[in-house]
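Visitor: how would this look folded up:
(one chain, ligands or ions: 2)
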Amino acid sequence: MGYTIAEKIIKSHLVSGEMTPGADIGLKIDQTLTQDATGTMAYLEFEAMGIPRVKTERSVAYIDHNTLQTGFENADDHRFIQSVAKKHGIYFSRPGNGICHQIHLERFSKPGKTLIGSDSHTPTCGGIGMLAIGAGGMDVAVAMGGGEYHINMPKMTRINLTGRLRPYVSAKDVILEVLRIMSVKGGVGKIIEYGGEGVKTLTVPERATITNMGAELGATTSIFPADEVARQFLKAQGREEDFTELYPDGDAHYDEIIDIDLSSLKPAAAMPHSPDNVKPVSDIGPIKIDQVLIGSCTNSSLTDMLKVAEILKGRTVHPDVSLGIAPGSKQVFNMLADCGALSVLIASGARILECACGPCIGMGQSPNSGGISLRTFNRNFEGRSGTQDAGIYLVSPETAAASAIAGVLTDPTTLGGELKISVPAKFTINDNMIDPPAPESEADKIEILRGPNIKPFPQSKPLDDMTQGRAVLKTGDNITTDHIMPAGAKILPYRSNIPYLSKFCFGSVDPDFSDRCKEAGGGFIIGGANYGQGSSREHAALVPLYLGIKAVIVKSFARIHKANLINAGILPLTFENEADYDGISLNDELVLSDVKNGIKSGSIILHNKTTGKDINLAADLTDRQKDMMLAGGLLNYTKKNS
Ligand code: MIC
Ligand code: SF4
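Guide: Ligands and ions are numbered 1, 2, ... in the order given. Take a look at the predicted model:
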């Protein structure tokens, strides 16, 4: 039997394990990326491993998340990362150069290679045929040191695209349709591979929009074939030599096949507060809007921006709407300026923002109270915008631009005609904001610059054989990492200061959580299905570790968060019988005994002292994860085995 595209890349990078779905596999990683909000921690962890120089083909540290610099904290982190990068062999993309995923696609992506990044939207580079996976910072640190990256071998889903998108219907509408079909947990344990006749009608940036937002499906990653369109993209980026053709074998096996006719798609929106709450814009109707934001790693390519400029040309943003636009990279920004499109955007009244993540992670541009904001971003979780009661709708750049003019949610197909843009065959290449590392011979001389905000990260210890404590929190389904460890302008600057961050843990779910944990000396978290969906931030594990959380007991986990809990030495457990979720209440006294044997056997009994009942829990761990849990997390495990 033949192989899928993803299986081909996995096979050529397989260091350990067998390619049977669900089995633990270890992959050789060719490239890594970090961004600054997860990067400081990842590099502190890399330093703790004591490896002088990265062993990957290419590692890049981007500064794109924390660029508000409302105090010294962010700038200190930037300097720390810059000095670490220089010393340890890592390329450094300076603030101002743009969003990690957009730049990585433009300047470093290579079909057939593996990439892991300490950001959940790393699969963006799947748009060009890379196996690109989001991971926790510690996993990225290990990969930089030459270690394998472990995942459970995913199942393969094929999305068969036929037809061609109609004018004003966008790649964003394709991924919103996939989200509507599969839901935010439908991709867990799967790689989503796109194929079919419709693929060649999509440009690489369009493909990247689709693979980017595959993160919202919970998928391990998403990938497109590397075809002629991909070759042309690399040629336009002056990197044709990086192209390798990559298709699935004709007899490749897929566990699931979904058909989507591109010609039948309509402009869609994901309504508050979940990316899978999708409806056609025409069905939602002309709701009044307060804000429109265009950008983020999902929709900030030159193609996206040119389409927006074309719609805004000669028009003015509606008086009741604030329109913000953030191009994805310096390359995009520069080319917009050179072709005059930037002037069109400015003339329309758009507020031009720095090319960075910005409002996507609540760094500025929070909507008004109860405001309705249309965003071309990928996440609309409650509170993520910085305004707790705002309603965020995720839409395409076309829908965003048309609505910004009308002042109400507008189906852009009603504008009529074609949406003609011309994308140059050659992009403007100027890598002057990407600093190469110092030569190895000079590395010793480079001093690491540590600001006062950079505090040591909490170190885990092996679990005791009996562990007891209270249920310090009980949550419902689909808890996101934004709930666990919120970001935004007020909190994000403290990503390298876990003690301070701990005050905000679960703040929007239960403001007393942090104090309750501190009083109780930690305990257990009880949760529902798809616990930990969303970002890769390991702070959502490191902060609970700092607060003394020993185990998280839920109906099911999102992939990256579960891996981060294990890396941090916190036991991830699931109910064998989901109904037992109802058998635990907040503050119940819980006891886990015979923990070490339970980790080995995969099943642990929880005694609820308050109700007097026993509950069967599953410790669904691979052999390596069992060893990691017994060693007390990934760092201890790596030290022990090196
Ligand atoms: C996000 O979009 O939530 C982030 C901010 O990019 C995160 C990473 C982080 O929390 O720093 C992600 O997607 O992994
Ligand atoms: Fe940045 Fe938003 Fe993309 Fe996360 S999703 S990397 S915050 S632009």
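Visitor: Would you mind extracting the C-alpha trace of stretch 325-345 into CSV?
Guide: What follows is stretch 325-345, C-alpha atoms only, in CSV (Å, rounded to 0.1, in the frame of the first residue of the first chain):
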residue,chain,number,x,y,z
ILE,A,325,-5.1,46.4,9.4
ALA,A,326,-1.9,44.6,10.3
PRO,A,327,0.1,43.2,7.3
GLY,A,328,1.7,39.9,8.2
SER,A,329,5.3,40.7,7.4
LYS,A,330,7.8,43.4,6.5
GLN,A,331,7.8,41.9,3.0
VAL,A,332,4.1,42.3,2.7
PHE,A,333,4.2,45.8,4.2
ASN,A,334,7.0,46.8,1.8
MET,A,335,5.3,45.5,-1.3
LEU,A,336,2.0,47.1,-0.3
ALA,A,337,3.8,50.4,0.0
ASP,A,338,5.6,49.9,-3.3
CYS,A,339,2.5,49.2,-5.3
GLY,A,340,0.4,51.9,-3.8
ALA,A,341,-2.1,49.7,-2.1
LEU,A,342,-1.0,50.9,1.3
SER,A,343,-2.0,54.4,0.3
VAL,A,344,-5.4,53.0,-0.7
LEU,A,345,-5.8,51.5,2.8
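Visitor: Not counting its neighbours along the chain, what's nearest the spatially most central residue of the chain?
Guide: Closest residue to the average C-alpha location of the chain: Ser120 at 1.8 Å, with Cα atoms, centre = their mean. Excluding the flanking residues, the one nearest Ser120 by Cβ to Cβ, 6 or more residues apart in numbering is Gly134, at 3.9 Å. Backbone N, C-alpha and C define where each C-beta goes, glycine included.
Visitor: ok, now which ones touch the one you found?
Guide: Ile116, Gly117, Ser118, Asp119, Ser120, His121, Thr122, Pro123, Ala215, Thr221, Ser536, Ile560 (Cβ atoms under 8 Å, 6 or more residues apart in numbering).
Visitor: Can you tell me the SS state at the first one?
Guide: Spelled out, that is Ile116. Per DSSP: H, G, I helix; E, B strand; the rest coil, the secondary structure class of Ile116 is strand.
Visitor: just the fourth one next, same as before
Guide: Using three-state DSSP, the secondary structure recorded for Asp119 is coil.
Visitor: residue contacts, it?
Guide: Asp119 touches Leu33, Thr34, Gln35, Thr38, Cys100, His101, Gly134, Ser535, Ser536, counting by Cβ under 8 Å, 6+ apart.
Visitor: Any of the residues you listed buried? List them.
Guide: Using 16 or more other Cβ atoms under 10 Å as the burial test, those include Leu33, Thr34, Gln35, Thr38, Cys100, His101, Gly134, Ser535, Ser536 as buried.
Visitor: restrict those residues to contacts with ligand 1.
Guide: Near ligand 1, judged by Cβ under 6 Å from any ligand atom, the entries from the buried ones among the contacts of Asp119 are Thr38, Gly134, Ser535, Ser536.
Visitor: Tell me if the first one really is in a helix.
Guide: Yes: the assignment for Thr38 is a helix, going by three-state DSSP.
Visitor: Now do the residue in the stretch 51-200 of the chain positioned nearest to ligand 1, the pLDDT please.
Guide: Nearest residue of the stretch 51-200 of the chain to ligand 1 (Cβ to the nearest ligand atom) works out as Ser120 at 3.6 Å. At Ser120, the pLDDT value in this model is 98.
Visitor: now do the one 3 residues further on
Guide: In the prediction, the pLDDT value recorded for Pro123 is 99.
Visitor: do the one 5 residues further on as well
Guide: At Ile128, the model reports a pLDDT of 98.
Visitor: Check Pro458 too.
Guide: pLDDT, Pro458: 87.
Visitor: Could you do the one 5 residues further on as well?
Guide: In the prediction, the pLDDT value recorded for Leu463 is 88.
Visitor: How about it, nearest residue that isn't a chain neighbour?
Guide: Val595 (5.4 Å).
Visitor: which residues does the one you found contact?
Guide: Leu463, Asp464, Asp465, Met466, Thr467, Leu571, Ile604 are the contacts of Val595 under Cβ under 8 Å, 6+ apart.
Visitor: Over to Asp249?
Guide: Contacts of Asp249 by Cβ under 8 Å, 6+ apart are Gly2, Tyr3, Thr4.
Visitor: Over to Ser385?
Guide: Neighbouring residues of Ser385 by Cβ under 8 Å, 6+ apart: Pro359, Gly362, Gln365, Ser366, Pro367, Ser373, Arg375, Ile392.
Visitor: Sticking with the fourth one, tell me its helix or strand.
Guide: Which is Ser366. When elements are assigned from DSSP states H and E, Ser366 belongs to no helix and no strand.
Visitor: Tabulate the contacts of Ser385 (a markdown table), appending pLDDT, distance to ligand 1 and neighbour count.
Guide: Putting these into a markdown table (pLDDT from 0 to 100; distance: Cβ to the nearest ligand atom, whole Å; neighbours: other Cβ atoms under 10 Å) gives the following:
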| residue | pLDDT | distance to ligand 1 | neighbour count |
| --- | --- | --- | --- |
| Pro359 | 98 | 11 | 26 |
| Gly362 | 96 | 9 | 22 |
| Gln365 | 98 | 15 | 21 |
| Ser366 | 98 | 15 | 20 |
| Pro367 | 98 | 18 | 22 |
| Ser373 | 98 | 16 | 27 |
| Arg375 | 99 | 12 | 28 |
| Ile392 | 98 | 13 | 28 |
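Visitor: which helix in the protein runs the most residues?
Guide: helix 72-88 (DSSP state H).
Visitor: Write out the residues of the stretch 251-400 of the chain neighbouring ligand 1.
Guide: Ile361.
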